[in-house]
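Below is the structure, and that's it, no one-letter string:
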């Protein structure tokens, strides 16, 4: 399930494929699928009362991630941190609650290019990839670094949606990071 550092390995699937899907490494999942009960009781909508409700939802998602074998650290109210390994890379994952939404982010996929021509090429590629991807997108953070994210409304969020989001972003991070980094090699 995880390597000795506690990082989850090999989790992800091709979200664009049709038919029955299994995790990349089915031994990691033990053939189990996520429990699909709602995080909030069915038929009840959560009433947002400041950060208290966000903390409740963050706690539910934190427990669900741990149940899936993901290492989780709460780094601030409404912000969780984890990581996963895919191939030869380790990817940081941040789960952030903003208003009525939860955002799962892999960041950074690559840093902001210093060269304007490189940036233009990279940004054109990101737009093309955004058109090809399902349920996730590349965007820029406040520093201009590239991140990969999936967002969901917190209301009626259930574990299967979280698992789907993890599958999608782990798959796309592993698939596209080498290509994106090749467009923006690190400075020597």
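Yep, it's here. Just so it is clear, the model here is predicted, and its values are computed rather than measured.

Check the offset of the host helix or strand of residue 121 from the chain's centre.
In this structure, residue 121 is located in helix 116-132 according to DSSP states H and E. The chain centroid and the centroid of helix 116-132 are separated by 20 Å, computed with C-alpha atoms, centre = their mean, to the nearest Å.

Show residues contacting it.
110, 112-113, 137-138, 146, 176, 179-180, 183-184 (C-beta atoms under 8 Å, 6 or more residues apart in numbering). In this view, the C-beta of every residue, glycine as well, is placed from N, C-alpha and C.

Tell me where the chain has strands.
Under the criterion DSSP state E, the chain contains strands at 8-9, 73-76, 79-86, 89-98, 101-110, 137-140, 146-153.

Neighbour-wise, give me the winner out of the contacts of helix 116-132.
Greatest neighbour count in the contacts of helix 116-132, by other C-beta atoms under 10 Å, goes to residue 146: 25 neighbours.

Turn the strands of the chain into a markdown table, including distance to residue 61 and mean pLDDT.
Below are those laid out as a markdown table (distance: least, C-beta to C-beta, whole Å; pLDDT from 0 to 100):
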| stretch | distance to residue 61 | mean pLDDT |
| --- | --- | --- |
| strand 8-9 | 15 | 36 |
| strand 73-76 | 11 | 93 |
| strand 79-86 | 7 | 92 |
| strand 89-98 | 6 | 93 |
| strand 101-110 | 7 | 93 |
| strand 137-140 | 20 | 96 |
| strand 146-153 | 10 | 94 |
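
Tabulate those in a markdown table, adding columns for distance to residue 171.
What follows is the strands of the chain, written out as a markdown table (distance: least, C-beta to C-beta, whole Å):
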| stretch | distance to residue 171 |
| --- | --- |
| strand 8-9 | 14 |
| strand 73-76 | 23 |
| strand 79-86 | 9 |
| strand 89-98 | 11 |
| strand 101-110 | 11 |
| strand 137-140 | 14 |
| strand 146-153 | 10 |
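
on that earlier part again, which single one of the contacts of helix 116-132 is nearest to residue 153?
Lowest distance from residue 153 to these (C-beta to C-beta) belongs to residue 137, with 15.9 Å.
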